[in-house]
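Asks: Fold the stuff below for me.
(one chain, ligands or ions: 1)
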Amino acid sequence: MPERGTPWHAERSEAVEARLGGGPAGLASTEAAARLTRHGPNRLPEPRRRGPLRRLAMQFHNPLIYVLLASSVVSGVLSHWVDAGVILAVVVLNAVVGFLQEGRAERSLEAIRRMIDPRAAVVRDGRRVSVPAEALVPGDRVLLEPGDRVPADLRLVAAEHLRVDEAALTGESQAVLKGGGPLAADTPLADRVNMAWSGTMVVAGRGVGLVVATGDGTELGRISRLLRSVEGLQTPLTRQLDGFARQITAVILVASLALFVLAVWGRGYAADEAFLMVVGLAVAAIPEGLPAVVTITLAVGVGRMAARHALIRHLPAVEALGGVAIVCSDKTGTLTRNEMMVQAVVTPEGEVAVSGEGYAPDGAFAPDQPSEALVALARVALLCNDAEVHHAEGGWRPSGDPMEAALVTLGHKAGLDPQAERRACPRVAEIPFDGGQQYMATCHDNGGEAPVVAVKGAPERVFAMLADGVELGRWQAQVRALASRGLRVLAIATGEAPPGAPFTAEAPPRGLRLLGLVGLIDPPRAAALAAVQECREAGIRIKMITGDHALTAGAIAAQLGLADAPRVVVGAELEGLSPEALAALARETDVFARTTPEAKLRLVEALQADGSVVAMTGDGVNDAPALKRADVGVAMGITGTEVAKEASQLVLADDNFASIVAAVREGRTVYDNITKVIAWTLPTNGGEVFAVVGAMALGVALPVSAVQILWINLVTAVALGLTLAWDPPKPDVMRRPPRSPRAPLLTRALALQTLLLCGLFGAGVAAVYAWMVQRGQGLEATRTAVVHTLVAMEIAYLYNVRSSPGGGVGLATLWATPAVRLGVAAVVGCQLLFTYAPPLQAMFHTRPLGPVDWLGPLVAGLWVWATVEVVHRWRRRGTLTPAR
Ligand code: ATP
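Replies: Reported below is the predicted structural model:
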């Protein structure tokens, strides 16, 4: 940073430019690179993360782990050294696995968030370029537009109606009007209106500023080092599961204590034996590995969504996406391609068709050569316009607003040279386009004569600015005719600016002369067409919310197949409705036309009134409240402003409606997979509890020991359960209605099935136990066989849970996914080690089994698998259709 003399806000702009060396052409990119090495990247220091040690320690901070650690200590005191050691080893192993997985999940989320890091528009080497905000250096010339997040501390050198929301810095919610010359050196921070502070948001107007401080050196860096808080991996669902786990732990502790008392005093067990049994019960009943598996399933879902261009900013959105019942979408650019072309021009002389291809400047008018009236219209459309078209690799490309670029192409076709026209009548003032007012107006120097006003915008708006006496009936009929063909209609008008009159949105131009109408096509995206169909099959309602004309929007909705006969309502009709009436109207309507961004907020609230989960798209500053309010706010990655992205949970990297649908599909899959994981895990615990309680009731030795149960719950169950995180979507995933947000995680059918499975697992354990004992096998061999039985049943049930109800039994099901193959192979390997490797034999008190002994577990596995398949077939619809 250059030597600090006078504070930046007290300097004149020229002096600031001279000190920083960033003239109108901006910095040279070589100079920018040199400064970047000198000053470092423009980013705040990373928020302090929990250090690895602390993160590892947190893995032990869990009531269940306390219970296990206490059991280990007590076992040690009772001189059961091996048990104490094994419990400890398994607990540590579990913590390490949890630690590693959590680290991976956090890193992948972080990587996805980095993909949506802000960019800034700067002038470098005399050209406007977009660079990552991190690459800004002192002296860079930054251009500010509504919706931008100010990327560094700037000294403004130009500002036009620039309003900045400084709440992030000062807490003041009213936006501040910026601009003006040097201020007194002692002006307080909040009043330095010629500065724009890093982290604040531009809500209106335009500005140009020179970077005076970056990263740590900014005011934001000074006041806070912790602004970007690290987000945890918690979601409502995982919190619910954690709560559930805590409750279970408490219940089990009480039950275990009672059982201990009963065993020692009631049945005369020795205290240490009773203790080991009770630990066995506690360990058996708790699904230790479940929370980790659920978190990983969510993280896998986030990765899959990113691959489909849907970037999740907050983990809970994955769950919400799975339950989306209504998607409110913009039209232009999201459902349509936003590749515009003028297809018709209507002047007072009549309609002229315009031919051509995209933005290429060649095309013809039919009938005839362009008339004088048409050329006059095209000229005004060029003046009231900020876009350009240029030839690049692969054809003609627009830069700026695509609709304005289409008007530039029209100018070319009418034989005009856009640059020359703009040079001949330089712009002296403007009212920029705004979604609320739906027009744009510019004022131009006309070489000594009265300044010329050029206006384009929504016909209703422009008609209201015309001189009295214009016969509007015919024009309105023309607007309807163009709009019902699905064309987007603009009216173009011109006039003279009265000398000295203000030129602002508060005092819009009047007394104008209408030059005519322009009809533009913006074809629907092919992918959106398919996605709309997919939504309809999936019972998801789509609401198109657009600023466009009702007839245009209705025609496009029909082309997209949004509804058989789309019902269109215009924004004005929503005003003054009671919340109930609005909710009813919002539910039945497919297209909301001529809506202002403010109406979006009311619509979201109305649609949420009956508890539906609503996704809403947006891109502008004014969309932020609606995006925040929606269950899933969806911002456009390409055209969206930083403000909109910060307010959203999901960012579409390609602005495409189809990506929202892909994300919903993945969201549903994640939910299905979590349901599968839970349904799959619980019977194992049920079977184990059955075994422990049964043994206690009969007064016989436990069929599995506590450490063996831990082995199953923490080693094999996690390895197998994890494989479900990678399960592909079920074939019917988008052919069933959205899940009700009130539906429990385990539906009644699934809960019943879980109970049935608990019974099957219990019976399997009992049968193999009895069989081994009856064949005169010792306790240790019997327990080894029982562990194999539980694992075999787990593997078998894994295949049941994965197959769609009533689906095939063929080899494909058996071959499954790579994750399943790997998981099953790993578990089989572990089981062999568990049985035959001497160290593990010593730890877990296992014995090698003979070939016949293996038959028990094998038959039990097959038995579980076959029973569930038969029940599925018998119930026809099956019980494994996940929660609705
Ligand atoms: P969506 O909200 O689906 O993207 P949209 O792009 O049609 O819809 P807006 O951009 O708010 O919505 O535009 C609303 C209306 O304002 C348009 O129908 C058009 O008549 C007018 N309009 C749009 N862009 C401009 C512009 N650059 N200059 C003048 N008028 C415009």
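Asks: what's the longest helix in the chain?
Replies: Longest helix in the chain by number of residues, with DSSP state H as the criterion: helix 657-698.
Asks: Helices along the stretch 51-200 of the chain, start to end?
Replies: 52-59, 63-77, 81-114, 167-170 (DSSP state H, counting those that start in this stretch).
Asks: Could you dump these into JSON lines with mean neighbour count and mean pLDDT added?
Replies: For glycine as for every other residue, the C-beta is placed from the backbone atoms N, C-alpha and C. Shown next, in JSON lines, are those (neighbours: other Cβ atoms under 10 Å; pLDDT from 0 to 100):
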{"stretch": "helix 52-59", "mean neighbour count": "13", "mean pLDDT": "80"}
{"stretch": "helix 63-77", "mean neighbour count": "17", "mean pLDDT": "80"}
{"stretch": "helix 81-114", "mean neighbour count": "17", "mean pLDDT": "76"}
{"stretch": "helix 167-170", "mean neighbour count": "17", "mean pLDDT": "74"}
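Asks: Where do the strands of the stretch 351-500 of the chain begin and end?
Replies: Counting by DSSP state E, counting those that start in this stretch, the stretch 351-500 of the chain has strands at residues 365-366, 388-392, 395-399, 427-431, 439-446, 449-457, 488-496.
Asks: and among the ones you listed, the most buried is which?
Replies: Of all these, strand 488-496 has the most neighbours on average by mean count of other Cβ atoms under 10 Å, namely a mean of 24.
Asks: Which residue does the stretch 451-600 of the chain have closest to the ligand?
Replies: Ranking the residues of the stretch 451-600 of the chain by distance to the ligand (Cβ to the nearest ligand atom) places Gly547 first, at 2.6 Å.
Asks: Double-check that that residue belongs to a helix.
Replies: No - according to DSSP: H, G, I helix; E, B strand; the rest coil, Gly547 belongs to no helix; its state is coil.
Asks: my guess is it meets Asp434, correct?
Replies: No - Gly547 lies out of contact with Asp434 (Cβ atoms under 8 Å); the separation is 10.1 Å.
Asks: Quick check on these two: which one has the bigger neighbour count.
Replies: Under the criterion of other Cβ atoms under 10 Å, the comparison of Gly547 against Asp434 puts Gly547 first, with 20 against 17.
Asks: Angles on the backbone of that one, please.
Replies: For Gly547, the backbone dihedrals (degrees, to the nearest 10) come out as phi -80, psi 0.
Asks: Check the offset of the longest helix of the chain from the chain's centre.
Replies: Between the centre of helix 657-698 and the centre of its chain there are 24 Å (Cα atoms, centre = their mean, to the nearest Å).
Asks: So the residue at the greatest distance from the centre of the chain: helix, strand or coil?
Replies: Relative to the mean C-alpha coordinate of the chain, counting by Cα atoms, centre = their mean, the farthest residue is Gly776 (59.9 Å). Classification of Gly776 using three-state DSSP returns coil.
Asks: show me the contacts for it.
Replies: Shown in contact with Gly776 (Cβ atoms under 8 Å, 6 or more residues apart in numbering): no residues.
Asks: Per-residue pLDDT of it, please?
Replies: On the pLDDT scale, Gly776 is placed at 92.
Asks: my guess is Thr681 contacts Val294, does it?
Replies: No - using Cβ under 8 Å, Thr681 is not in contact with Val294, being 9.8 Å away.
Asks: tell me, what's touching the two both at once?
Replies: Contact criterion Cβ under 8 Å, 6+ apart; residues shared by Thr681 and Val294: none found.
Asks: Leaving out the residues flanking it, which one is nearest to the residue nearest in space to the middle of the chain?
Replies: Geometric centre of the chain, nearest residue: Leu650, 2.2 Å, by Cα atoms, centre = their mean. Leaving aside its sequence neighbours, Leu650 sits nearest to Val634 (Cβ to Cβ, 6 or more residues apart in numbering; 4.7 Å).
Asks: between the helix or strand containing the one you found and helix 657-698, how big is the angle?
Replies: If you go by DSSP states H and E, Val634 is part of strand 632-636. Angle, strand 632-636 to helix 657-698, by axes from the mean of the first three to the mean of the last three Cα atoms, to 10 degrees: 150 degrees.
Asks: Can you mark which positions in strand 632-636 are buried?
Replies: Neighbour counts over strand 632-636 (16 or more other Cβ atoms under 10 Å) mark 632-636 as buried.
Asks: Can you tell me which of those is nearest the ligand?
Replies: Lowest distance from the ligand to the buried residues of strand 632-636 (Cβ to the nearest ligand atom) belongs to Met636, with 9.3 Å.
Asks: The closest one pairs with what?
Replies: Leu652 (DSSP bridges).
Asks: For the residue of the stretch 601-750 of the chain found nearest the ligand, give me its contacts.
Replies: For the stretch 601-750 of the chain, the residue closest to the ligand is Asp619, as judged by Cβ to the nearest ligand atom, at 7.4 Å. With contact set as Cβ under 8 Å, 6+ apart, Asp619 has these partners: 147, 330, 635-636, 639-641, 644.
Asks: Dump those residues to JSON lines, plus pLDDT.
Replies: JSON lines is the format used below for the contacts of Asp619 (pLDDT from 0 to 100):
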{"residue": "Gly147", "pLDDT": "85"}
{"residue": "Asp330", "pLDDT": "91"}
{"residue": "Ala635", "pLDDT": "93"}
{"residue": "Met636", "pLDDT": "91"}
{"residue": "Thr639", "pLDDT": "84"}
{"residue": "Gly640", "pLDDT": "86"}
{"residue": "Thr641", "pLDDT": "85"}
{"residue": "Ala644", "pLDDT": "87"}
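Asks: Of these - the most surrounded one?
Replies: In the contacts of Asp619, the most neighbours by other Cβ under 10 Å go to Ala635, 30 neighbours.
Asks: In this structure that one contacts Leu650, no?
Replies: Yes - taking contacts as Cβ under 8 Å, Ala635 lies within contact range of Leu650: 7.3 Å.
Asks: what sits in contact with each of the two?
Replies: Shared contacts of Ala635 and Leu650 (Cβ under 8 Å, 6+ apart): none.
Asks: Would you check that Leu177 makes contact with Arg163?
Replies: Yes - if you go by Cβ under 8 Å, Leu177 and Arg163 touch, sitting 5.6 Å apart.
Asks: And the two? Which one has more around it.
Replies: Counting neighbours by other Cβ under 10 Å for Leu177 and for Arg163 shows that Arg163 has the greater number, 19 against 14.
Asks: Could you report the pLDDT at that one?
Replies: Reported pLDDT for Arg163: 91.
Asks: which ones are touching it?
Replies: Counting by Cβ under 8 Å, 6+ apart, Arg163 touches 175-178, 202-205.
Asks: please redo it, this time with the cut-off set to 10 Å
Replies: Listed by Cβ atoms under 10 Å, 6 or more residues apart in numbering, the contact set of Arg163 reads 146, 174-179, 201-205, 207, 621.
Asks: For PyMOL, write a command that selects the buried ones of these.
Replies: Burial among these is assessed by 16+ other Cβ under 10 Å; the matching PyMOL selection reads:
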select buried, resi 146+175+176+178+179+201+202+203+204+205+207+621
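Asks: Would you format the contacts of Arg163 as CSV with pLDDT and distance to Leu407 included?
Replies: Output for the contacts of Arg163, formatted as CSV (pLDDT from 0 to 100; distance: Cβ to Cβ, whole Å):
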residue, pLDDT, distance to Leu407
Pro146, 86, 21
Gln174, 83, 36
Ala175, 87, 31
Val176, 89, 34
Leu177, 91, 31
Lys178, 91, 31
Gly179, 86, 30
Met201, 87, 30
Val202, 90, 26
Val203, 86, 27
Ala204, 85, 24
Gly205, 85, 23
Gly207, 92, 26
Val621, 81, 25
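Asks: Now do stretch 590-607: distance to the chain's middle.
Replies: Stretch 590-607 has its C-alpha centroid displaced from the chain centroid by 21 Å (Cα atoms, centre = their mean).
Asks: Averaged pLDDT, it. What do you get?
Replies: Here the average pLDDT along stretch 590-607 is 90.
Asks: number of nearby residues for the spatially closest residue to Gln608 that is not a sequence neighbour?
Replies: Closest residue to Gln608 apart from its sequence neighbours, by Cβ to Cβ, 6+ apart: Val614 at 5.4 Å. Neighbourhood size, Val614 [other Cβ under 10 Å]: 25.
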